[in-house]
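A.B. asks: Kindly generate the corresponding structure for this input.
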Amino acid sequence: ELANLDITLAIDTAQANWWSGGEWFIYVLGDTGKDPAEYTGDVQGISNIATDESLKVYEFWYQHSFADDGIKVLFGLHDYNSTFYSLEAAGLYNHPSFGIGPDTSQVGPSIFSTTSTALHFTFQGEHQYLLAAVYDGIPGDPDNPRGPHIQFNNGDGLFSAAEWGWANDTHDKIAIGAWQQTAEVENPVDGNVNDDNTGVYVIAEKNINDVAGIFLQLGRADDLYNQLEYYAGTGITFNSFWIDGDGFGLAVAHARNGDPYLANNEDTERAETAWELSYFSPVVDHLSAQASLYYIQNPSMDKTLDDAVALGARIYIEF
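C.D. replies: Prediction:
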């Protein structure tokens, strides 16, 4: 069983009669429970709320807007995935890879469930946008997950990111992004310490009609410093499928090991593939439920593990 608590507060400084163009945001996150991936054995994970037990300030930032909201500058604890590598059409699914590809999440950027200090820029045009940000390269304290632990230690380096995208009024979108991590970390390929890790990705989504939407994720990380070199994810989602406000969909996430990693791990298979069939439905005011069926092929690329099947159920209470 897993439990997740989200408490957020946003303050528009103009509406608060303080000053124009500002926004304060604070997000308190609480999590508890056992990771279901311990049973399925998959490398990508199976639940996007599985993490260490903790209650912490997850985000705390100030953002100021200029040029009629065409330029925004943000500083503070920030979730990289709240702006980068993000697709609305993939929001139905609970598998972690549909939130952010494992090509990027494997390096430990400022994402769930520990963030780091960031300087974040948004440049917004009529249909195009550009995101650019720099984060502390090691979020929190790796030895103590129970708090934000804002630290700037030698060897932390930086996690730098950029994403250009195009989106229209019907929320069709295509974007390309890149990142670089300069933290001194032991890489999983050969155990050496490196400080120059890079990756790129392409994401896209298309609303077929008022009900159906599809999405695509493609990512690549440097195979010299990462276990997973390639990732591909895709899915189709139907909104208001049976009743107003519900969601139904099928998605697949495919993660592939790089050649250098395989050369050093001869008993490991090439790839792991995860499928999620999910249905979300409102029940009554402030209460919703979701059921997901998972099928994992080649969990952790381990030849000794059988394919895994799992069933997940969630209850959402919103105030």
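
A.B. asks: could you point out which element follows the top helix by length along the chain?
C.D. replies: Identified as the longest helix of the chain according to DSSP state H is helix 259-264. Using DSSP states H and E, the helix or strand that follows helix 259-264 towards the C-terminus is strand 271-284.

A.B. asks: In the very next helix or strand once past that next one, which residues are buried?
C.D. replies: Using DSSP H and E, the helix or strand that follows strand 271-284 in sequence is strand 287-297. By 16 or more other CB atoms under 10 Å, the buried positions in strand 287-297 come out as 288, 290, 292, 294, 296-297. Where C-beta positions appear, they are placed from N, C-alpha and C, glycine not excepted.

A.B. asks: cool, stretch 53-73 as well?
C.D. replies: Those would be 54, 56, 58-61, 63, 65, 72, for stretch 53-73 by 16+ other CB under 10 Å.

A.B. asks: before we move on, what about stretch 196-214?
C.D. replies: Going by neighbour count (16+ other CB under 10 Å), the buried part of stretch 196-214 is 197-199, 201, 203-205, 207, 212-214.

A.B. asks: For the buried residues of stretch 53-73, work out which two are farthest apart.
C.D. replies: The span of the buried residues of stretch 53-73, defined through CB to CB, is set by 54 and 65 at 32.0 Å.

A.B. asks: Could you give the average pLDDT over stretch 192-207?
C.D. replies: Per-residue pLDDT values across stretch 192-207 average out to 96.

A.B. asks: Next one: residue 120 relative to residue 231, how far apart?
C.D. replies: Taking CB to CB, to the nearest Å as the measure, residue 120 falls 24 Å from residue 231.

A.B. asks: Of the two, give the one with the bigger neighbour count.
C.D. replies: Between residue 120 and residue 231, counted using other CB atoms under 10 Å, the more crowded position is residue 231 (26 against 22).

A.B. asks: what about that one, which SS state?
C.D. replies: Following DSSP: H, G, I helix; E, B strand; the rest coil, we place residue 231 in the strand state.

A.B. asks: what is it paired to in the beta sheet?
C.D. replies: residue 219, residue 255 (DSSP bridges).

A.B. asks: tell me, how many neighbours does the residue lying closest to residue 14 once chain neighbours are set aside end up with?
C.D. replies: Take residue 14 and drop its neighbours on the chain: the residue closest to it by CB to CB, 6 or more residues apart in numbering is residue 20, 4.6 Å away. Using other CB under 10 Å, residue 20 is surrounded by 11 other residues.

A.B. asks: Surely residue 20 is within a strand?
C.D. replies: No - Residue 20 is assigned coil when assessed by three-state DSSP, not a strand.

A.B. asks: what's it sitting at in phi/psi?
C.D. replies: Backbone torsions of residue 20, given as degrees, to the nearest 10, read phi -90, psi 150.

A.B. asks: State the pLDDT value of it.
C.D. replies: 97.

A.B. asks: Surely it and residue 64 touch.
C.D. replies: No - using CB atoms under 8 Å, residue 20 is not in contact with residue 64; the gap is 9.5 Å.

A.B. asks: that older thread, farthest-apart pair in the buried residues of stretch 196-214, please.
C.D. replies: The most widely separated members of those, counting by CB to CB, are 197 and 212 (37.1 Å).

A.B. asks: show me where pLDDT drops low in the chain?
C.D. replies: By pLDDT under 70, the chain contains no weakly predicted segment.

A.B. asks: Nearest to the middle of it, which residue? Look it up for me.
C.D. replies: For the chain, the residue whose C-alpha lies nearest the mean C-alpha position (CA atoms, centre = their mean) is residue 100; its distance is 3.4 Å.

A.B. asks: Would you double-check that that residue falls in a strand?
C.D. replies: No - assigned with three-state DSSP, residue 100 falls outside any strand and is coil.

A.B. asks: roughly how far apart are it and residue 286?
C.D. replies: 28 Å.

A.B. asks: And for residue 122?
C.D. replies: On the measure of CB to CB, residue 122 and residue 286 end up 32 Å apart.

A.B. asks: Which of the two has more residues huddled nearby?
C.D. replies: Taking neighbours as other CB under 10 Å, residue 122 and residue 286 compare with residue 122 leading, 18 against 10.
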